[in-house]
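Participant: The sequence and its predicted three-dimensional model are supplied below.
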Amino acid sequence: MSDNAFLADKLRSGKAVITGWSQLSAPMVPELFARSGYEAVTLDLQHGMYDFASACEAMAAIALAGAHRIARIPVGDNALAGRLIDMGADCIIAPMINSLRDAETFARAVKYPPIGDRSWSPFRAAMLSGQTRDQYLENANAQTLAFAMIETQDAIDALDEILSVDSLDGVFVGPSDLSLAMSKGASLDPNGAHTGEVAGEIAEKALAAGKLAGIFCLNADKVEEAYNQGFRLMSHGVDTLFLDHSARAALKEVAWLAEQGTGPAAGY
């Protein structure tokens, strides 16, 4: 569970934060992540089942359980980024940021003037962060995080320019799409050595530019590797995979039933 510190403060202090990853748009699911001990939960509006309304409900449930709220928006939906921040997201992850312009446009949607263009209406965000509106305005640009996903060859080529955007707080590596892009569609290898090496180079450049680094991890070994590379926001655990693996494990435990006959039940 989270303490009272803001997610931005934790990450900037060098603390590692593990986020659960939720694709199922039932508010109790991300709440269970938080109540199980996750400090943060990411709602996936790109590849998951969340829409704006279900994400708002889920963020309230996550806040109730004491965890930080992260949302990944669909590609290019910067208007939705601003709406989710207004409704209490601590961090927005934007996929497929491939250029300086992509990064600038996204980051400005998350920040208030003078470094951004975000429109004023943070009633819910202030409430969930435990601040008055005046306090929220004073702190919002520092406390609300904008992370650009680096997951294509174009993004790697433009990385220095992307990292030069003042209003951008960090980058978030998507290893599956990154491996797919680097192999020109020939293979999907998110846990491969080359993918890990390139991810480490991205983190190194981000840290040198004074930015934060996050990454999607598919197993505990990748979390350890990412931490050693300088990443501090790391996903580990996806609700759809949890359910699939648990269901298969439960059925395996009673697989002996398949070997039983189909005769009358005992006592009949």
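Facilitator: Thanks, I have the structure now.
Participant: contacts and neighbour counts: CA atoms only from here.
Facilitator: OK.
Participant: ok, now how distant is Ser22 from Leu243?
Facilitator: 11 Å (CA to CA, to the nearest Å).
Participant: Which one's more surrounded, these two?
Facilitator: Each of Ser22 and Leu243 has its neighbours counted (other CA atoms under 10 Å); Ser22 has more, 27 against 11.
Participant: wait, the more buried one sits on Pro30?
Facilitator: Yes. Under the criterion of CA atoms under 8 Å, Ser22 is in contact with Pro30, at a separation of 6.2 Å.
Participant: remind me which residues of this protein are low pLDDT?
Facilitator: Residues of the chain that meet the criterion pLDDT under 70 lie in 1-4, 261-268.
Participant: gap between stretch 151-162 and the chain center?
Facilitator: Relative to its chain's centre, stretch 151-162 lies at 19 Å (CA atoms, centre = their mean, to the nearest Å).
Participant: Ignore what I typed, I meant stretch 121-130.
Facilitator: 20 Å.
Participant: list the buried ones in it?
Facilitator: Burial within stretch 121-130, assessed by neighbour count using 16 or more other CA atoms under 10 Å, is assigned to Pro122, Arg124, Ala125, Ala126, Leu128, Ser129.
Participant: Counting only helices, which of these make the cut?
Facilitator: Within these, membership in helices is found for Arg124, Ala125, Ala126, Leu128, Ser129, as judged by DSSP state H.
Participant: Look at the residue nearest to the fourth one when sequence neighbours are not counted and say how many residues are nearby.
Facilitator: So the one you mean is Leu128. Nearest-residue entry for Leu128: Gly88, 6.1 Å, with adjacent residues in sequence omitted and distances by CA to CA, 6 or more residues apart in numbering. Using other CA under 10 Å, Gly88 has 26 neighbouring residues.
Participant: you'd agree Gly88 is up against Gly130?
Facilitator: No. Under the contact definition of CA under 8 Å, Gly88 does not touch Gly130, with a separation of 10.6 Å.
Participant: most centrally placed residue in the chain?
Facilitator: Thr42 (4.4 Å; CA atoms, centre = their mean).
Participant: hang on, that one in a strand?
Facilitator: Yes. When DSSP: H, G, I helix; E, B strand; the rest coil is applied, Thr42 is found to be in a strand.
Participant: OK, contacts around it?
Facilitator: Thr19, Gly20, Trp21, Ser22, Arg69, Ile70, Ala71, Arg72 (CA atoms under 8 Å, 6 or more residues apart in numbering).
Participant: how about 7 Å then?
Facilitator: Residues near Thr42 by CA atoms under 7 Å, 6 or more residues apart in numbering: Thr19, Gly20, Trp21, Ser22, Arg69, Ile70, Ala71.
Participant: Please consider this matter closed, and thank you.
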